[in-house]
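# The following block contains a protein sequence and its predicted model.
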Amino acid sequence: MINRADRDTKDEIEQMIHGAQLEKPVHEDITYGEIYEEIENLWNFMFFTGYFKMEGKRIEDVQRYVTLSIPNKEVRYIFERKIREWFRDEVVNGDRTVLLQAFFGGDGETFQRELDKVLKECISYHDYYENFYHGVLTGLLSGTDDYVVRSNRESGNGRSDLYAKPASRRDTAFIIEVKRADTYDGLEHMAEEALAQIIEKRYDEELNKDGYKKIVHYGIAFFGKDCLVKVAPAAIDERIDERKLV
């Protein structure tokens, strides 16, 4: 039933994962067979089965209202796992053709616009952690026929967030460094810092040793559901064939 929930209901669940309490009408006489009849029954069912706990209650006329919250870390983890499934099913497995064309074509402006769309669709239970964004990018860029995407590999003097290397060493490889900004206005600075870190930490080293000569750097900064993409100057001689991204 959570998978079938509408956007408003998913937004409310996102709020609860962040610690919010929501007031909902409850019906103690609801039966298991009725839970699929309307979305409001979701709150009843999850309350009476222990997935939500009562923080307060009131009665208006004959209707009982209960203020609900997520009771503990274990239940919060269950919700977070379900959200990862939503993201995978609804976004990652959707049409990524434009996004991938832009990324592998070095078109930072279009890639940023498409990535923004993805973030708006995703329920952001970990917006304040870089590993959330890291997982988003890994899922979006993986699965193409001619590119292998790897994350957190030892390279040079440190560990790059992501790289994508083509089957042919004549084609362009990509290194991606991810940063989280503390404010919206800080996106520009953090994206530039990500690019600088790729050079300072010599993240190209592993790809160079493997025979790749054309490497493009991406510095990507995130704040909430906004992002800013910077692409280091590099020549890209060959564009990706759209058929390879289907």
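Received it, and whenever you're ready, just let me know what you need. Numbers count the residues shown, from 1 in each chain.

# Neighbours of Leu182, how many?
For residue 182 the amino acid is Asp, not Leu. Counted with other CB atoms under 10 Å, residues neighbouring Asp182 total 10. C-beta: built from backbone N, CA, C; applies to glycine.

# What residues are bridge-paired with the nearest residue to it once chain neighbours are set aside?
Once flanking residues are discounted, Asp182 sits nearest to Phe223: 7.6 Å by CB to CB, 6 or more residues apart in numbering. Beta-bridge pairing of Phe223 under DSSP bridges involves Asp226.

# Correct me if wrong: Phe223 contacts Ala181.
Yes: in terms of CB atoms under 8 Å, Phe223 counts as a neighbour of Ala181; the distance is 4.3 Å.

# hmm, back to that, the residue nearest to Asp182 and Gly33, how far apart?
45 Å (CB to CB, to the nearest Å).

# ok, those two, which is more surrounded?
More neighbours surround Phe223 than the other of Phe223 and Gly33, with 20 against 7 (other CB under 10 Å).

# quick one: contacts for that one?
Counting by CB atoms under 8 Å, 6 or more residues apart in numbering, Phe223 makes contact with Arg180, Ala181, Asp182, Thr183, Tyr184, Gly186, Leu187.

# And the pLDDT for it?
Note on Phe223: pLDDT of 91.

# swap in the one 5 residues further on?
According to the prediction, Leu228 has pLDDT 97.

# what's the nearest residue to it if we skip its chain neighbours?
Leu187 (3.9 Å).

# Give me the residues contacting the strand or helix carrying that neighbour.
Using DSSP states H and E, Leu187 sits in helix 187-200. The contact list for helix 187-200, computed with CB under 8 Å, 6+ apart, reads 157-158, 160, 175, 177-181, 203-204, 217-223, 226-230, 232.

# just the buried members of these?
160, 175, 177-181, 203-204, 217-223, 227-230, 232 (16 or more other CB atoms under 10 Å).
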